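The following comprises the amino acid sequence and a computationally predicted model.
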Amino acid sequence: MNRAWMLALGVLVTIFASMTGLVLLPQTQLRGTAPVKDEERDITLPAGYYGDIEEGRKVYMDLGCIYCHSQQVRPEGFGADIERGWGARRSVARDYIHDEPPLMGTMRTGPDLMNIGARQPSAQWHYLHLYQPRITSPGSIMPPHRFLFELRHSAEGLPEDAVRLPDEFAPKKPAWIVPTDRARRLVAYLLSMDHNYEVPEAR
């Protein structure tokens, strides 16, 4: 019992050190983080979420995309993310300033999506990929999300964003997929994901 004070002191030091390292120092380092102004294009980045993009982010969370895809480009020397073309630079705290909650992910069964809007700027590509990932990515193990689309076999009255299915993936030819509102919003969110703008802390 004569060493109880040493145990108590050790517990207090551990708590203080943890609080300093995990709360106080990050708060001090990130306190001044703010969006950056791109004078060339007269926009503020990151732009934040609104309208269909904000709703699409909710669909992304609802479908559990976070369980197979990350949103974090690792720095050079910590992986081949930049070499793979997943981003022009590493991710920094500023990239997540509008994210509540941040969707950084826990594993990469599929590729990182931090800059998928820059890599794949075509809504048609995303619709085909969601309907049947093997159309755009042969060998993909991503499950199809056919429930996000209506399948039609007539070109009459098709909306502008309907996409013709390749014949080998059509249950009956010809076939078009018509995205539901959930699909449109999800794709709007994916297309908005472009974090390749320059920030001073990533240099």
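Perfect, I can see it now.

And the residue nearest to residue 109 when sequence neighbours are not counted, how far from residue 53?
The shortest distance from residue 109 to any non-neighbouring residue, by CB to CB, 6 or more residues apart in numbering, is to residue 68 (3.9 Å). The way it works is simple: take the backbone N, C-alpha and C, and place the C-beta from them, glycine included. As defined by CB to CB, to the nearest Å, residue 68 lies at a distance of 21 Å from residue 53.

The residue nearest to residue 109 against residue 140, yeah?
No. Using CB atoms under 8 Å, residue 68 makes no contact with residue 140, being 10.8 Å away.

Please identify every residue contacting each of these two.
Taking CB atoms under 8 Å, 6 or more residues apart in numbering as the criterion, residue 68 and residue 140 both touch residue 110.

pLDDT below threshold where in this protein?
Counting by pLDDT under 70, the ranges of the chain that qualify are 1-2, 29-30.

what are the ranges of the helices in it?
4-19, 25-30, 51-62, 116-119, 123-131, 133-136, 181-192 (DSSP state H).

can you give me the angle the third one makes with helix 181-192?
Taking axes from the mean of the first three to the mean of the last three CA atoms, to 10 degrees, one finds helix 51-62 and helix 181-192 inclined to each other by 100 degrees.

Could you give the number of residues near the closest residue to residue 187 other than its chain neighbours?
Spatially, and ignoring its direct neighbours in sequence, residue 187 is nearest to residue 126 (4.5 Å; CB to CB, 6+ apart). Using other CB atoms under 10 Å, residue 126 is surrounded by 22 other residues.

Does residue 126 touch residue 190 like I think?
Yes. Under the criterion of CB under 8 Å, residue 126 is in contact with residue 190, at a separation of 5.7 Å.

Mutual contacts of those two, please.
residue 120.

Next, the buried residues of stretch 51-67.
Neighbour-count burial for stretch 51-67, counted by 16 or more other CB atoms under 10 Å, picks out 52, 53, 55, 56, 57, 59, 60, 63, 65, 66.
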